[in-house]
Structures are given as structure tokens and as C-alpha cells.
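**Student:** Show me the folded form of this:
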Amino acid sequence: MARTESNMFPLGNPATPFELLDVISNQTLSLKELASDTATVIFFICNHCPFVKHINAELINVANHYKEKGISFIGINSNDADSYPDDSPENMKQVAEDLQYPFPYLYDETQEVARAYQAACTPDFYIFDKELKCVYRGQLDDSRPGNGIEPNGASIRAALDSILAGKPVPERQKPSLGCNIKWKSN
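**Tutor:** Below is the predicted model:
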């Protein structure tokens, strides 16, 4: 698995609308209905990536903490499930249920959403303000598998705390690092 950094989607860019299958509810959900009036965190994850497995527990903690403050969280898996069956919708649902994801887990079968967001790796995080303009993109925190730093969500927490305090999110942001998105060959 290639270690890949975020592409660092341009700050200020609008969120691209989407409608995707939520594997947990088996409903098609849209950005419009999932977005928050405070902030919306969109992140690209998958089931098999060791970088995602490393941060999953802290991602759940962060989502549970900030959902209570009116921030929405949207997980998206854009990997090619034909080549990587661990990332099939059925397996996504199982992982989401086992870990009790407190957010929808959407399947981007066509990979169009990942392309629209310039997603490059799993995990890859984006925060959009109440107007759905990008104010943060990059990492959850400085932890990586094997680097001795425990996941703490510091980068995402700092950005969300700034939004909640009515302050601008600092523009100095670190890219995420993870497995490359598994693109379809055609």
C-alpha cells in the first residue's frame, strides 16, 4: 500500500454536492440533508487501511464529542470494492456496526465524489463551514501507525474549536498520510 499524502484541496472551495448510499441505513443520503448549519466534516476512509484502523477509535470519539455541538460528520469510502472486497458495502456495514460509527458511512461506487474532493488517501479529512466553504483539509492528528504518537484528534479538534469560538481556522495545516485511494482501472 502506497503511503500517500492529501492533495490539500484549496481553502475556500465549496463542497461539491453528492447523493450516495449510506451502507448503515441502506438509504441514499445527500450532502444537503447531512450538512450542518455550524460545520460539516467530510472524510474519506475505508475498512482495510492500517492508517484508518489506527485512528478509528479517536475518530469516533471526535465525532461523538462534536456532534453534540451541532457539527455533522460524513464518512465516505471510494475504494474499488471489486479489487478490494474488504471495502464492499456489505463489509462497510459490518465495520460500521462493529465499531458503532456515529456517522453515516457512504459508498462512492463511481469514485466521482473522491475525484470532486481531490481525495488522495485514507484517511483524508475536510471541514466545511456553515456556508459549505472549505476551511480545513488534511490530517486528524500527528499520529501514524508505528510512530509512537497516540491518536488524539488534535488537528481536527483545533479547527472545530476555532469554528465553535467564531474564530478563523488557522491556514497552516498538515496533509494527512495514509493508503492511496484504490482507483478503478477504467
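**Student:** Give the buried residues for the longest helix that the chain contains.
**Tutor:** Longest helix in the chain by number of residues (criterion: DSSP state H): helix 50-67. By neighbour count on 16 or more other CB atoms under 10 Å, the buried set for helix 50-67 is 51-52, 54-56, 58-60, 62-63, 66. To be clear about C-beta, it is placed using only N, CA and C from the backbone, and glycine gets the same treatment.
**Student:** quick check: mean pLDDT across that helix?
**Tutor:** Average pLDDT, helix 50-67: 97.
**Student:** among the helices and strands of the protein, which has the poorest mean pLDDT?
**Tutor:** Every helix and strand of the chain was ranked by mean pLDDT, DSSP states H and E. The lowest is strand 3-5, at a mean of 86.
**Student:** Which is the succeeding secondary structure element to the longest helix of the chain?
**Tutor:** Using DSSP states H and E, the next helix or strand after helix 50-67 towards the C-terminus is strand 71-77.
**Student:** list the helices and strands that following strand packs on?
**Tutor:** Contact here means 3 or more CB pairs under 8 Å, 6 or more residues apart in numbering; DSSP states H and E; on that basis strand 71-77 packs against helix 31-34, strand 39-44, helix 50-67, strand 105-107, helix 154-164.
**Student:** tell me the angle the following helix or strand past that strand makes with strand 71-77.
**Tutor:** Once strand 71-77 ends, the next helix or strand along the chain (criterion: DSSP H and E) is helix 89-99. In terms of direction (axes from the mean of the first three to the mean of the last three CA atoms, to 10 degrees), helix 89-99 departs from strand 71-77 by 140 degrees.
**Student:** List the buried residues in helix 89-99.
**Tutor:** Buried residues in helix 89-99, defined by neighbour count with 16+ other CB under 10 Å: 89, 91-93, 95-96.
**Student:** Just give me the closest of these to Glu33.
**Tutor:** Using CB to CB, the shortest approach to Glu33 within these belongs to Ala96, at 18.5 Å.
**Student:** Not counting residues beside it along the chain, what's closest to the closest one?
**Tutor:** Tyr105 (4.5 Å; CB to CB, 6 or more residues apart in numbering).
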